[in-house]
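S.K.: From the sequence below, what's the structure:
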Amino acid sequence: VQVYDLGKVGEDYFISMEFINGLNLREVLSRAKETEQKFSEDIVVYILSETCKGLDYAHSKKDNEGKALNIVHRDISPQNILLSFEGEVKIVDFGIAKAAMNISHTMAGILKGKISYMSPEQALGKPIDRKTDIFSAGLILYEMLTGEKLF
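M.R.: Reported below is the predicted structural model:
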């Protein structure tokens, strides 16, 4: 989701972001489970493909000098994947994303993300990279195909 502006007015901070008219993937998965519906393979491939395109965009970002930012979202989960009623797939909540060049580590004992979608290294508090986001996307793929969380 595109961020247009952020700032402060008086004592209040604000962020202006793109509006997505739709539902998050968690809501869609829950409704599918309640009605005993399955996602078609075409829909699963489309959602995962678009999610991976968004991740690739973030993972490939460079600073003004051309140096890789090494951005890792750290919380790829169905709640953070929006599906617009027009068919767009957008990743939200880059608020806990980590640029490796700017933040060397997360404080010990502090986990960032949803445990059901964490890679083993993330859950163990070990160093993470873009593979962490890809692992999480794989867990979402499993859930879309089976209707159940893997963990």
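
S.K.: Tell me where this protein is predicted with low confidence.
M.R.: Counting by pLDDT under 70, the chain has low-confidence residues at 95-113.

S.K.: 80 - rerun?
M.R.: 1-6, 14-15, 17, 94-113 (pLDDT under 80).

S.K.: Now do the strands for it: every range, in order, please.
M.R.: For the chain, applying DSSP state E gives strands covering 3-9, 12-17, 22-24, 71-72, 81-84, 89-91, 98-99.

S.K.: Please identify the most buried of the ones you listed.
M.R.: Of all the strands of the chain, strand 71-72 has the most neighbours on average by mean count of other C-beta atoms under 10 Å, namely a mean of 22. C-beta here means a position set from N, CA and C on the backbone, and glycine is covered the same way.

S.K.: returning to that earlier point: can you list the strands of the chain in CSV and add distance to D63?
M.R.: As requested, the strands of the chain are exported to CSV (distance: least, C-beta to C-beta, whole Å):
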stretch, distance to D63
strand 3-9, 17
strand 12-17, 21
strand 22-24, 30
strand 71-72, 11
strand 81-84, 26
strand 89-91, 20
strand 98-99, 9
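
S.K.: nearest to S40, of these?
M.R.: The minimum distance between S40 and the strands of the chain falls on strand 81-84, with 14.0 Å, by C-beta to C-beta.

S.K.: Look up how far I115 lies from A32.
M.R.: Here the distance between A32 and I115 works out to 22 Å (C-beta to C-beta, to the nearest Å).

S.K.: So which residue is dead centre in this structure?
M.R.: Ranked by distance to the mean C-alpha position of the chain (C-alpha atoms, centre = their mean), the top residue is I76 at 3.0 Å.

S.K.: which residue sits closest to it in space, ignoring its chain neighbours?
M.R.: Computed as C-beta to C-beta, 6 or more residues apart in numbering, the closest residue to I76 that is not its neighbour in sequence is S136, at 3.7 Å.

S.K.: got the contact list for the one you found?
M.R.: Going by C-beta atoms under 8 Å, 6 or more residues apart in numbering, S136 touches H73, D75, I76, S77, G113, Y117, M118, S119.
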